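> Fold the following and give me the result.
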Amino acid sequence: MKFAINCGSFAGLACCSLLTISSALSRPHILFILADDYGWNDIGYHANHSAEGYYNAANPSGEETSNVAAGIMRTPHLDRLAAQGIKLESYYVQPLCSPTRSTIMTGRYASHTGIGPDVLVENVPYGVPGREVFMAQYLKKAGYATHAIGKWHLGKCDDRYMATYRGFDSYQGYLDGAQSYWRHAGDYRNSTTLSDSAGETPVCATPAEVNGIYSTTLETAEVDRIVRAHPKDTPLFIYTALHSVHGPNEDPYPLVDVNATFPEIVDYQRRIFAGMVLALDMAVANITASYKSAGLWEDTVLVFSTDNGGIGSGNNFPLRGAKVLNWEGGIRGIGFVRGTDSSLAPIPAGGVTHELMHTTDWLPTLVGLAGGDTSHSALPLDGVDQWPTLSKGLPTKRTFIIHNVPVTAVALPLDGGGWTTSVCLSAVDNRTGSCHAFGVTGGAIRVGDYKLVVSHVGRAPWEDSSPAGTSQYTPGGRFPNGTSVFTPATPTSQNEPYGNVYDAALQRNITVYVFNIKNDPIEANNLAGTDKSKLKELLDFYNAYVAANGTVMGLSWRYGFQDSKHAGTVPPNPDGQHCTGAFNANGGSPYCHFGREFECFVRGRKPATGSPIASAGSRVAATALCQSACAATEKCEWWVLRNVSGSEQTQQRGSDAQAAVCDLYGASPDGAVDCSTCEMGPKVCPGMHPAEQRKHIIGLSQATVDALVQS
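Residues are numbered from 1 along each chain as shown. The predicted structure follows:
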């Protein structure tokens with residue numbers, strides 16, 4: 001083995017390290033570990049470390065973040081790995097699971113993919129649109145072996161939404177947002193290989209195979225299996241989305257005996273949670289041990305991240321709010337990166353960065369590190385390459401983050417005449433069910449050091465993801481006498497929002513907050529009423545983003561309901577197991593009726609029986625023919641919302657009502673509407689990205705902006 005001395009500077013400090021020189025690889029292995037619902041102060045290096053000189057950017061005053069009775073989490077392995085690399089202290093995620101995972105995989109904001117602010121729920125008829133290119137697809141093209149393990153949560157109603165059709169060689173895990181830590185059958189898939197043959201679906205695990213085994217044990221065993229069989233001269237990418245520490249709170253015994261290990265924690269649920277956190281830490285230790293045993297560790301870059309802030313028994317203190325919400329407790333994430341021990345991609349140990357970073361940055365950062373190329377992407381990336389910041393301490397190129405800009409309202413034609421600004425299609429067609437829509441209102445952006453929070457004075461979380469009165473999120477529970485186990489030394493009173501201006505177009509009251517997050521990470525000092533120039537700057541930025549052509553409506557609001565044409569029963573998939581998700585051998589589940597992404601539509605019409613497309617010998621051939629037909633018409637779309645505004649409403653009422661029906665069904669269910677005359681077809685041709693037709697999306701009105709700034 002060869003060695004080299006590496007000297008340089010990081011954030012202005014000189015540093016040297018002893019590196020091994022890899023003889024087998026020219027690019028590093030990449031290991032991405034994603035924790036679930038892991039709160040800011042539930043990792044050891046964030047908890048009560050002010051006395052040790054560690055500057056916690058979210059806790060500049062150095063307040064105690066917990067106490068012994070409330071539980072101080074033990075994460076020795078995570079702490080050690082973080083200390084060997086760089087801690088990300090101004091790192092942002094989305095406030096919910098699916099949106100964050102989508103940003104990681106696509107490098108694009110939730111408001112550009114349509115996966116957010118809401119999560120995918122069971123039986124919704126959509127997934128991350130097929131036109132999006134996943135990180136694994138880029139890495140596969142760059143010569144990497146690619147594997148996904150654990151929680152998917154990016155679409156399952158058609159097998160082409162699943163991992164093995166998004167660039168991964170294999171997948172083992174569960175498709176929905178959560179499950180029991182001990183009972184997995186019904187939504188747990190065994191590893192399968194990529195295949196273009198019709199009906200190729202990850203096989204559903206049987207109870208005998210997976211039940212009674214703790215989630216992290218299943219996940220780490222699959223990592224171990226892969227790395228032991230992996231050739232050392234081939235670069236490897238493993239995406240491990242661990243179950244921990246998402247609910248339900250389930251005792252990890254005998255992996256961890258919570259009563260023996262954490263007797264000091266008063267609240268029993270918090271005690272179980274501490275055991276779950278320790279099980280997470282042990283899982284990461286086991287994964288790294290597998291890499292070392294297989295001889296891969298010295299050439300591996302490790303990324304560790306949470307998907308959103310903590311909730312339930314978690315601890316985000318002193319940050320405000322929790323998972324689901326746009327407050328810092330929901331979106332400021334735990335994250336660190338450890339570089340290779342070899343010369344392939346080293347990162348100086350002991351690093352801490354306060355440079356702005358977002359989950360969309362992982363795709364360009366890691367694909368660039370792997371020697372891949374994103375420059376010819378048909379879809380513009382929102383992420384920036386952060387490797388110079390991570391490895392050399394250079395300033396980031398990122399200047400803003402779109403935390404959430406939900407499409408607040410959309411003009412849709414009603415079946416019976418008139419218009420609605422509802423974001424749920426049940427208002428357009430009463431045959432559909434109610435939408436599942438977290439965060440239907442309430443947005444937030446970050447520009448430089450400043451954050452704008454827009455609240456629509458709705459209920460949390462189903463309406464407003466920025467609700468007023470949200471407090472700091474503290475851990476601990478209560479003593480038997482009713483007093484809190486943990487009381488902050490200086491509890492922060494939550495200030496009132498500014499404005500409360502009625503917006504006639506949105507039919508809602510609007511309030512706003514402006515914070516200097518660098519100076520005020522706990523969002524205690526609302527500057528909206530005192531710094532009007534900054535307020536106007538941020539409101540104009542917010543509205544400009546909403547109005548931009550690439551900003552799309554969350555797919556949960558358009559397709560976020562169970563397929564009304566499905567009876568609700570789940571027939572057996574080919575292996576005889578009753579398994580959620582795709583199971584139809586000839587092109588996907590009935591759950592996908594409204595999404596219909598993978599059927600071919602040209603100018604609103606499905607190819608006739610006997611046509612070249614309909615009679616193609618395989619799904620691959622049919623897709624290619626469909627792409628050609630759509631390319632010739634330039635009329636392909638993922639979904640279409642008509643451009644209807646103001647004076648156009650009356651004169652375009654008829655054609656747009658027709659278009660809405662065509663868009664929803666692909667063809668009029670009762671034959672009353674001839675969809676061949678629609679201006680645009682309702683479908684995207686898989687893999688195509690034509691210029692999107694502009695939708696009529698309603699942002700904050702100019703009158704509202706003026707009233708907020710001038711009041």
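
> how many neighbours does residue 376 have?
Using other CB atoms under 10 Å, the number of residues around residue 376 comes to 5. The C-beta positions use only the backbone N, C-alpha and C, and glycine is treated the same way.

> try residue 610
For residue 610, using other CB under 10 Å, the count is 7.

> now it: how far from residue 616?
Residue 610 is 11 Å from residue 616, where distance means CB to CB, to the nearest Å.

> Over to residue 273?
53 Å.

> Just give the nearest non-adjacent residue to residue 250, would you?
residue 181 (4.5 Å; CB to CB, 6 or more residues apart in numbering).

> now the residue nearest to residue 484 when sequence neighbours are not counted: how far from residue 262?
Nearest non-adjacent residue to residue 484, counting by CB to CB, 6+ apart: residue 478, 5.8 Å away. Residue 478 is 17 Å from residue 262, where distance means CB to CB.

> Who has more neighbours out of the two?
Neighbour totals were compared for residue 478 and residue 262, and residue 262 leads with 22 against 12 (other CB under 10 Å).

> pretty sure residue 384 is in contact with residue 395, am I right?
No. Counting by CB atoms under 8 Å, residue 384 does not reach residue 395; the two are 11.3 Å apart.

> ok, the two, which is more surrounded?
Each of residue 384 and residue 395 has its neighbours counted (other CB under 10 Å); residue 384 has more, 20 against 11.

> what kind of secondary structure is residue 401 in?
strand (DSSP: H, G, I helix; E, B strand; the rest coil).

> how many other residues sit next to it?
Residue 401: 21 neighbours (other CB under 10 Å).

> Quick check: bridge partners of it?
Listed by DSSP bridges, the beta-bridge partners for residue 401 are residue 446.

> for it, what are its contacts?
Contacts for residue 401 (CB atoms under 8 Å, 6 or more residues apart in numbering) come out as 92, 356, 358, 445-446.

> where does it land on pLDDT?
On pLDDT, residue 401 comes in at 98.

> can you check residue 614 too?
We note a pLDDT of 72 for residue 614 in this prediction.

> Then residue 609?
For residue 609, the predicted pLDDT is 73.

> now swap in residue 66 and tell me
The score at residue 66 is 91. That number is its pLDDT.

> pretty sure it is touching residue 72, no?
Yes. The pair residue 66 / residue 72 is scored as a contact, 5.2 Å apart, by CB under 8 Å.

> pretty sure residue 455 contacts residue 444?
No. Counting by CB under 8 Å, residue 455 stays clear of residue 444, with 9.5 Å between them.

> Tell me the residues that contact both of the two, please.
By the contact definition CB under 8 Å, 6+ apart, residue 455 and residue 444 are jointly contacted by residue 466.

> If you count surrounding residues, which of residue 273 and residue 616 has more?
residue 273 (27 against 17).

> would you list every one of the helices in the stretch 1-150 of the chain?
76-83, 97-106, 110-113, 135-141 (DSSP state H, counting those that start in this stretch).

> Identify whichever of these lies nearest to residue 513.
Nearest to residue 513, of all these, is helix 110-113, at 19.6 Å by CB to CB.

> In this structure, which helix is the longest?
Identified as the longest helix of the chain according to DSSP state H is helix 268-293.

> Could you list every helix and strand in contact with that helix?
strand 29-35, helix 76-83, helix 215-229, helix 258-261, strand 300-306 (3 or more CB pairs under 8 Å, 6 or more residues apart in numbering; DSSP states H and E).

> List the buried residues for the fourth one?
This means helix 258-261. Neighbour-count burial for helix 258-261 flags residue 258 (criterion: 16 or more other CB atoms under 10 Å).

> which helices and strands does it pack with?
helix 268-293.

> can you tell me the average pLDDT over the helix it packs on?
Averaged across helix 268-293, the pLDDT comes to 97.

> helix or strand for residue 528, which one?
Under the criterion DSSP states H and E, no helix or strand holds residue 528.

> Tell me, how many residues neighbour it?
24.

> show me the contacts for the closest residue to it other than its chain neighbours.
Counting by CB to CB, 6+ apart, residue 498 is the residue found nearest to residue 528 once chain neighbours are left out, at 3.8 Å. Listed by CB under 8 Å, 6+ apart, the contact partners of residue 498 are 511-514, 526, 528-529, 708.

> Tell me how far residue 498 lies from residue 547.
From residue 498 to residue 547 the distance is 23 Å (CB to CB).

> what does residue 109 give?
15 Å.

> Who has more neighbours out of those two?
Comparing residue 109 with residue 547 by neighbour count (other CB under 10 Å), the higher total belongs to residue 109, at 28 against 12.

> partner residues bridging the closest residue to residue 241 other than its chain neighbours?
Once flanking residues are discounted, residue 241 sits nearest to residue 150: 3.8 Å by CB to CB, 6+ apart. Counting by DSSP bridges, residue 150 is bridged to residue 173, residue 241.
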